[in-house]
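K.L.:
turn this into a model:
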Amino acid sequence: MHQNKSVAASFILLFGLALAGFSSRNFQYEDSQHQDPWKAPAWADTLKNPHHEEPLTLAQGEELFTLYCASCHGDEGYGDGAAGGALGQKPANFHDTLVKSQSDGALFWKLSTGRGNMPPFKDVFEDEQKWQLVAYIRHLGKKE
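P.N.:
You can find the predicted model right below:
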């Protein structure tokens, strides 16, 4: 009986140590991700959006945003969506100066490539749809 308690105690201790090690590794990963700014390659700045803030483009971009992006980035693009809160790292706020200062091509590249909790949409959307989303994101960033 004493041996069973020792085995159980050893198992609990080992499980606790493994869990603690896993948790600290995750926090380090999140911290390093948070400190490392997400930069698109320089060539992405050469990509130009063929769709500007035309009414049809914005309507199509809004539809895509509502279906695929709002749950994390929030309805108005402040990074406050319900699903985004559970990610451990807040999604991009499209009203932030850092986002507004990026080129359309950089946003297109990030949308295509993804990173961390942001999924890559290169195989989900056609290029035209990604540009519609970029135009809509720009439109959101202008709202106050």
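
K.L.:
now A83, nearest residue through space, not along the chain?
P.N.:
S71 (4.2 Å; Cβ to Cβ, 6 or more residues apart in numbering). No exception for glycine: its C-beta is placed from N, CA and C like everyone else's.

K.L.:
oh, I was asking about P120
P.N.:
G114 (3.3 Å).

K.L.:
ok, the residue nearest the centre of the chain to C69 distance?
P.N.:
For the chain, M118 is the residue whose C-alpha lies nearest the centre (Cα atoms, centre = their mean; 3.2 Å). Distance from M118 to C69, counting by Cβ to Cβ, to the nearest Å: 10 Å.

K.L.:
cool, and E53?
P.N.:
Following Cβ to Cβ, the distance that separates E53 from C69 is 17 Å.

K.L.:
of those two, which one has the most company?
P.N.:
Applying other Cβ atoms under 10 Å to E53 and C69 shows that C69 carries more neighbours, namely 25 against 13.

K.L.:
you'd agree the more buried one is up against V134?
P.N.:
No: counting by Cβ atoms under 8 Å, C69 sits too far from V134 to count as a contact (11.5 Å).

K.L.:
which residues are in contact with E53?
P.N.:
By Cβ atoms under 8 Å, 6 or more residues apart in numbering, E53 lies in contact with 135, 138-139.

K.L.:
quick one: mean pLDDT for the helix or strand that contains E128?
P.N.:
Here E128, judged by DSSP states H and E, is contained in helix 127-142. Computed over helix 127-142, the mean pLDDT rounds to 96.

K.L.:
what's it packed up against?
P.N.:
Judged by 3 or more Cβ pairs under 8 Å, 6 or more residues apart in numbering; DSSP states H and E, the packing partners of helix 127-142 are helix 55-68, helix 97-100, helix 104-113.
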